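J.: Here is a sequence with its predicted model. Questions after.
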Amino acid sequence: MSSSLQPIIMVAAAIIFNTQGQALLARKRHTEFFMQVGGKLEANESAQQGLLREIQEEIGVAARIVKDLGMVETAAANEANHRLLAHLFHVELLGEAQVSAELAEIQWVNVFAPIDLALAPLTEQYILPYIRQQCAESQN
């Protein structure tokens, strides 16, 4: 099936990382792939509002949007034959992330070391490269 005929899932996704070059990744219950915190928007909800709600629901902490990074499209991780249209935001947490009932686990992973986890396409293709670039630029 060509990508133009595949159903589109629209989400808002958080890029969360610390000064040690570690990215916060989450794995939802009953899924295989680690991905960024975020999710589908509710009716009449902006991408920013939806993302801040999802962060609170998934990891139990308030957050601040640092930068709107725009939209990207890739394969969906957990829905076969679907495309993902994601609105990306660099986000700073205003507390410590905790695992919620929606999630199986969260992990802080070093983006400069091999990552031995099943990663969602969005995470592998867009999130981790962005974090690596930001960390490299902050070292200069």
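T.: Nice, I can see it. Numbering: from 1, shown residues only.

J.: out of everything not next to it in sequence, what's closest to the residue nearest to the spatial centre of the chain?
T.: Central residue check for the chain by Cα atoms, centre = their mean: the C-alpha nearest the mean position is that of Q36, 2.2 Å away. Taking Cβ to Cβ, 6 or more residues apart in numbering, and ignoring the residues beside it in sequence, Q36 has A13 as its nearest neighbour in space, at 4.7 Å. For every residue, glycine as well, the C-beta is placed using N, CA and C.

J.: Give the pairing partners of the strand or helix carrying that neighbour; include direction for each.
T.: With secondary structure defined by DSSP states H and E, A13 is part of strand 8-15. Strand 8-15 has the following strand partners under DSSP bridges: strand 38-40 (antiparallel), strand 83-93 (parallel).

J.: Could you figure out how far the longest strand seen in the chain is turned away from strand 8-15?
T.: When every strand of the chain is counted residue by residue (DSSP state E), the longest turns out to be strand 63-75. Using axes from the mean of the first three to the mean of the last three Cα atoms, to 10 degrees, one finds that strand 63-75 and strand 8-15 are set 140 degrees apart in direction.

J.: Buried residues, strand 63-75. List them.
T.: Within strand 63-75, the residues that qualify as buried are A63, I65, L69, V72, T74, A75, counting by 16 or more other Cβ atoms under 10 Å.

J.: packing partners for that strand?
T.: strand 8-15, helix 47-59, strand 83-93, helix 121-122 (3 or more Cβ pairs under 8 Å, 6 or more residues apart in numbering; DSSP states H and E).

J.: for the next helix or strand after the first one, which positions count as buried?
T.: Of the helices and strands lying after strand 8-15 in sequence (DSSP H and E), the nearest is strand 22-28. Taking 16+ other Cβ under 10 Å as the neighbour-count basis, strand 22-28 is seen to contain the buried residues Q22, A23, L24, L25, A26, R27, K28.

J.: number of nearby residues for E92?
T.: Counted by other Cβ atoms under 10 Å, the residues lying close to E92 total 13.

J.: bridging residues for it?
T.: Taking DSSP bridges as the rule, E92 bridges to R64.
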